[in-house]
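S.K.: the amino acid sequence is not available; the structure is as follows:
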């Protein structure tokens, strides 16, 4: 699903995600999936110059659901690097700030997460930027 670079994009993404997961009976994971999707789409709106896209699909027989967000900014945030401890903001994140903790929430609440810079190759469907994803248990 394509999302415009617009402040309403997180709300549209949450509503779409809710409809897709509900139609497949995956309501148990809705609270976490909606929160984390909102955080990632908000980051895409705030930190990229163009549109973003949202993709939702099942990952395995364990009932996991993967949500991916692509945007045009190729910089994967340091908060999302695996070398940073998953539950501690050792990257200098100010826990008293009004913002800047969205990807920490993803790392803490998701069953798994990751991301990479998209170089426009076949695996990236010809797109440049970055792809961040998370899994939640359905």
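M.R.: Arrived safely, thanks for sending. A quick note: this is a predicted structure, and the numbers were derived from the prediction, not measured.
S.K.: distance from the chain centre to stretch 39-57, please.
M.R.: 7 Å (C-alpha atoms, centre = their mean, to the nearest Å).
S.K.: how about low-confidence regions in the protein?
M.R.: Within the chain, the stretches with pLDDT under 70 are 82-100, 123-124.
S.K.: pull the longest helix from it.
M.R.: helix 30-47 (DSSP state H).
S.K.: list the buried ones in that one?
M.R.: Of the residues in helix 30-47, 30, 32-45 count as buried by neighbour count, 16 or more other C-beta atoms under 10 Å. For glycine as for every other residue, the C-beta is placed from the backbone atoms N, C-alpha and C.
S.K.: which residues in the protein form strands?
M.R.: With DSSP state E as the criterion, the chain has strands at 2-3, 52-58, 64-71, 112-119, 128-137.
S.K.: how about the ones you listed in TSV, adding distance to residue 24 and mean neighbour count?
M.R.: Compiled in TSV, the strands of the chain are given as follows (distance: least, C-beta to C-beta, whole Å; neighbours: other C-beta atoms under 10 Å):
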stretch	distance to residue 24	mean neighbour count
strand 2-3	21	15
strand 52-58	8	17
strand 64-71	9	22
strand 112-119	19	16
strand 128-137	13	21
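S.K.: want to throw those strands into CSV with distance to residue 80?
M.R.: Shown next, in CSV, are those (distance: least, C-beta to C-beta, whole Å):
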stretch, distance to residue 80
strand 2-3, 19
strand 52-58, 15
strand 64-71, 11
strand 112-119, 5
strand 128-137, 6
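S.K.: picking up where we left off before, ok, of the buried residues of helix 30-47, which one's closest to residue 12?
M.R.: Proximity of those to residue 12 was ranked by C-beta to C-beta; the top entry is residue 41 with 8.4 Å.
S.K.: the closest one is in contact with residue 52, isn't it?
M.R.: Yes: look at residue 41 against residue 52 with C-beta atoms under 8 Å: they come within range, at 6.4 Å.
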